[in-house]
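K.L.:
sequence unknown, structure follows:
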């Protein structure tokens, strides 16, 4: 999380939070094992003069390991959520698109039991959901929800 001063000179800050999912350790492990086994089968089949089908199976196993590795990295980077909180509102960049609004139009904010979904209840009775890759046990998520609550309360004090 980084916080930078607001450009408007209000003295309040613009807070930027980057929520990232945990690395997919199992996928990395399976990709590594598959690629290593594939490479070993390729080398052994060529050195021992085994049938070409065995070499092809080794190549397939190696390539599948690399594809799984690429897919794990892609999913990990794609599932990131960037939250920007300003004195006047919020903006979330998620895999599902951009969600934004103002504190003045927000009645209340709730989170799901797991803490992975933040719901903004708006004055027009619509709901705006933001699904994050981390839950309430993540320290960045706790800081984000605390900051959202503080900013919403501050906006109520200014409106009064």
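P.N.:
Everything's here; your move. Note that this is a predicted model, so its numbers are computed, not measured.

K.L.:
quick one: mean pLDDT over the helix of greatest length in the chain.
P.N.:
Identified as the longest helix of the chain according to DSSP state H is helix 52-78. Mean per-residue pLDDT for helix 52-78: 95.

K.L.:
elements contacting that helix?
P.N.:
helix 25-48 (3 or more CB pairs under 8 Å, 6 or more residues apart in numbering; DSSP states H and E). All C-beta spots, glycine's among them, are computed from the backbone N, C-alpha and C.

K.L.:
give me the buried positions along the helix it packs on.
P.N.:
By 16 or more other CB atoms under 10 Å, the buried positions in helix 25-48 come out as 27, 30, 31, 34, 35, 38, 41, 42, 45.

K.L.:
picking that back up, taking helix 25-48 as reference, get the angle to the longest helix of the chain.
P.N.:
Relative orientation of helix 52-78 versus helix 25-48 (axes from the mean of the first three to the mean of the last three CA atoms, to 10 degrees): 160 degrees.

K.L.:
how is the chain divided into domains?
P.N.:
2-21+80-159, 25-77 (automatic domain parsing).
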